[in-house]
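> Give the three-dimensional model of this entry:
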Amino acid sequence: MGRVDTLVAKDPADLVNPFDPTDPDDATAVQRVDYIWNQWILNAIVKGNWDDDFDQAYTSPGDVMADPTLVGHADFIGVNYYSDTLISASHGGIKIPAPVEAVVIERDMGDGRPITDFGWDIYPEGLGTVLDETAQYGLPMMITENGLADAPDANRARFLLEHLYQLGWAMQRGDQVIGYVHWALVDNFEWANGYCPHFGLFSYDKTTGVRTAKGSVATYSSIIASGRVTTDDVAAAAAYVPPPTECYP
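Modelled structure (predicted):
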């Protein structure tokens, strides 16, 4: 879930919450997923604590604490944030084998939130939560990925405003954020989903390579120029609309 040296990227750094908050097995699954996805590599690179068997105990023969070859080699932490994620011990979703041993539910969560063309929830408040959690490692943070699949570019402006608003509040709380990189500059080939998801601020002609700015670029440019996002800015943004395109099975 990351890369070493001067950048450690929490990927995915989405929130992890139990499918059933009353189910102790789901709570255990959440704790394990959060550890492996969002803590294991950071503990190694930032603290030098290598958990060789993922058991969180640091008592196995391959475990190392405060390894001098690891600790202190990260200048900042890169955070990739997109959405909320439900975790279960057994219910539906994508079954992830050991060492994760949990079911991951990223789409069709039925919580009434707006969704992207990828079926992911739009949940800007989660960015602040992830930043608060990551700030505990004591390193500066950079948002290295944050965006949405939005073919008609109908929701991207509000998405930018809401997420950068939450970023501003995190900084007010003392989280040391040194930058924000929107995913993505241009529409890209998205793994098994091909060219269906449109994450870019710019579209491009695959034949000529010509890039064309989408309407949300004006919003992003305005935010950059002013250096802030206010509650009035968010309130004035167009409401989210349901995606006309589904880019997932």
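
> Tell me the secondary structure of the nearest residue to A89 once chain neighbours are set aside, please.
Taking Cβ to Cβ, 6 or more residues apart in numbering as the measure, A89 lies nearest to D25, with 3.8 Å between them; neighbours along the chain are not counted. No exception for glycine: its C-beta is placed from N, CA and C like everyone else's. At D25, secondary structure determined by DSSP: H, G, I helix; E, B strand; the rest coil is helix.

> Please look at D25 and S90 and confirm they touch.
Yes: with contact taken as Cβ atoms under 8 Å, D25 and S90 are classed as touching, separated by 7.1 Å.

> buried set for the longest helix seen in the chain?
Taking DSSP state H as the criterion, the chain has its longest helix at helix 156-172. If you call a residue buried by 16 or more other Cβ atoms under 10 Å, then helix 156-172 has these buried ones: 156-168, 170.

> That helix: what's the following helix or strand?
Towards the C-terminus, the helix or strand next in line after helix 156-172, according to DSSP states H and E, is strand 177-180.

> name the helices or strands packed onto the helix or strand following that following strand?
Under the assignment DSSP H and E, the closest C-terminal helix or strand after strand 177-180 is strand 202-204. Contacting strand 202-204 under the criterion 3 or more Cβ pairs under 8 Å, 6 or more residues apart in numbering; DSSP states H and E are the following elements: strand 211-213.

> The strand it packs on pairs with which strands?
Strand pairing for strand 211-213, using DSSP bridges, gives strand 202-204 (antiparallel).

> pLDDT on the partner strand, on average?
Here strand 202-204 scores 96 as its mean pLDDT.

> next one: stretch 137-144
Looking at stretch 137-144 alone, the average pLDDT works out to 97.

> Return the residues in contact with R211.
With contacts defined as Cβ atoms under 8 Å, 6 or more residues apart in numbering, R211 is in contact with 186, 202-204.

> Give me the pLDDT for it.
R211 is assigned 97 on the pLDDT scale.

> who does it bridge with?
R211 forms beta bridges with Y204, as assigned by DSSP bridges.
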